[in-house]
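*Asks:* Output the structure for:
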Amino acid sequence: MSNFKTNLQYLRAQRNMTQEQLAMLLGVSRQAISKWESEKAYPEMDKLLVICDLLDVTLDDLVIGDVARPRRNASPAQGHADEPDDTGVPAAISERPPLSMLQQNPAPLPRDITGYEAHMRSFDAKIPAGIFAIIFGVGAGMFFDADNSILGVSPFNDFLMFLCIVLGVIIGLMFLVPAGLGHSAFMRSHPYVEDFYTEHDHAEARRTLTVALVGGIGLILVGLAQLIFVNEYLHTEDGWPIGVFLMLVARGVAAIAYGGMHFGRLNLAEYNKAAEQEYREAKGLNDSYDMVNGAICGTIMMIATIVGLTMLFGLVIIPSRCSSGAACRPKACGRVGAPPGPSRIG
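*Replies:* Here you go, the predicted model:
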């Protein structure tokens, strides 16, 4: 006699897990779970094995036994002592506690069966590394600023400055793009992850966040102090002082980003919410309002990025042209750019 239907309902209720959440973990539809629990269908063997691993139960207990009284927890002596009278009702079923009493029989601690921890640790390392590379590249480029280059007056200053910035951006994108695409793919593959973190994990994440915030802000303040000191006592504003400042900012921002992401990965409720949204978008299940809202937000962000890049490169290119000579100076004739008229004598 199969008790799979009753056992599955019992295990779900014990873990406060909905049919949809279990379906996401198993990679099936909610309707499939509903059919299993109504005995209209039966899962395949590979799904049964996944359920056993997910819910920490043996295959015998799940299919023909009683998960409320698993056989592996009973000794042979207890098995003889607990044998029921010949009443026609198995003892495992007659002695099953009601679902309202499940809180008195807590479920075993959940485990990470989706690889969430390993994925998030890799993701938490790649994103700060990409941010660090981009800012550090800009800082390295400042060492070759034409006004105060470490090479002095050299025709290679502009090229080396551009090269450092480009290398920083390329290396940063090598971290950011694969990390973002991989995280999106993971969220689509695992739209629900059961919370398996303990209080010890939360305490460790809080300590890491505290150290990262204090250290990151401290590095930024040290860089700012260096900038003020050089400006006041060495009377140097551009060039290497800004490069040192940006390098310290890169390290501080990367530390803050790592601490925040390391702490945020424990918020599985927020992850499940975002992952479900990602899953619905991948399946085309969003309503028209969400699609229009996403399109508008994406357009605004794209326009803001274009405007910001235009202003940034405009401020960088215009001063470099003006510093080359008198091309940007107004002419004495009163009209900017007008050719000077012939001089008159007498």
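*Asks:* switch to C-alpha atoms for all contacts and neighbour counts from now on
*Replies:* OK.
*Asks:* Okay, C52 and D46: tell me how far apart.
*Replies:* Distance, C52 to D46, using C-alpha to C-alpha, to the nearest Å: 10 Å.
*Asks:* out of those two, which sits in the busier spot?
*Replies:* When C52 and D46 are compared for neighbours, C52 comes out ahead with 17 against 9, by other C-alpha atoms under 10 Å.
*Asks:* Does P241 touch I228 like I think?
*Replies:* No. Here P241 lies out of contact with I228, judged by C-alpha atoms under 8 Å, at a distance of 9.3 Å.
*Asks:* Give the residue from these two that has the larger number of neighbours.
*Replies:* With neighbours defined as other C-alpha under 10 Å, P241 and I228 compare such that P241 has more, 23 against 16.
*Asks:* Near D201, how many other residues are there?
*Replies:* 12.
*Asks:* Check which helix or strand it maps to.
*Replies:* Taking DSSP states H and E as the definition, one finds D201 inside helix 199-229.
*Asks:* what comes up buried for that helix?
*Replies:* Across helix 199-229, burial judged by 16 or more other C-alpha atoms under 10 Å covers 205-206, 208-210, 212-213, 215-217, 219-221, 223-224, 226-228.
*Asks:* Next: stretch 186-199.
*Replies:* For stretch 186-199, by 16+ other C-alpha under 10 Å, it's F186, M187, R188, S189, H190, P191, Y192, V193, E194, Y197.
*Asks:* From L22, how far out is the fifth one?
*Replies:* As defined by C-alpha to C-alpha, H190 lies at a distance of 11 Å from L22.
*Asks:* Please apply the same query to the third one.
*Replies:* With distances defined as C-alpha to C-alpha, the gap from R188 to L22 amounts to 15 Å.
*Asks:* now R251
*Replies:* The gap separating R251 from L22 is 41 Å, by C-alpha to C-alpha.
*Asks:* quick one, what contacts V253?
*Replies:* Residues near V253 by C-alpha atoms under 8 Å, 6 or more residues apart in numbering: P128, I131, F132, G216, I217.
*Asks:* The helix or strand harbouring it versus helix 199-229: what angle between them?
*Replies:* Per DSSP H and E: V253 is located in helix 240-264. Angle of helix 240-264 versus helix 199-229, following axes from the mean of the first three to the mean of the last three C-alpha atoms, to 10 degrees, is 170 degrees.
*Asks:* Averaged pLDDT, helix 240-264. What do you get?
*Replies:* Helix 240-264 carries an average pLDDT of 92.
*Asks:* Run a quick neighbour tally on C164.
*Replies:* Using other C-alpha under 10 Å, C164 has 21 other residues around it.
*Asks:* ok, it touching G141?
*Replies:* Yes. With contact defined as C-alpha under 8 Å, C164 reaches G141; the gap is 5.0 Å.
*Asks:* where does P43 fall, phi/psi-wise?
*Replies:* Phi and psi for P43, reported as degrees, to the nearest 10, are phi -70, psi 160.
*Asks:* where does this structure have low pLDDT?
*Replies:* Residue ranges of the chain with pLDDT under 70: 1-2, 70-110, 278-291, 294, 309, 311-346.
*Asks:* can you map out the helices along it?
*Replies:* Secondary structure of the chain (DSSP state H): helices located at 4-14, 19-26, 30-37, 45-55, 59-63, 76-81, 91-94, 116-142, 157-189, 199-229, 240-264, 268-283, 288-322.
*Asks:* right, and the ones you listed - which one's nearest I150?
*Replies:* Comparing the helices of the chain against I150 with C-alpha to C-alpha, the closest turns out to be helix 240-264 (7.1 Å).
*Asks:* Near G180, how many other residues are there?
*Replies:* Neighbourhood size, G180 [other C-alpha under 10 Å]: 14.
*Asks:* Would you check how far apart it and A125 are?
*Replies:* 12 Å.
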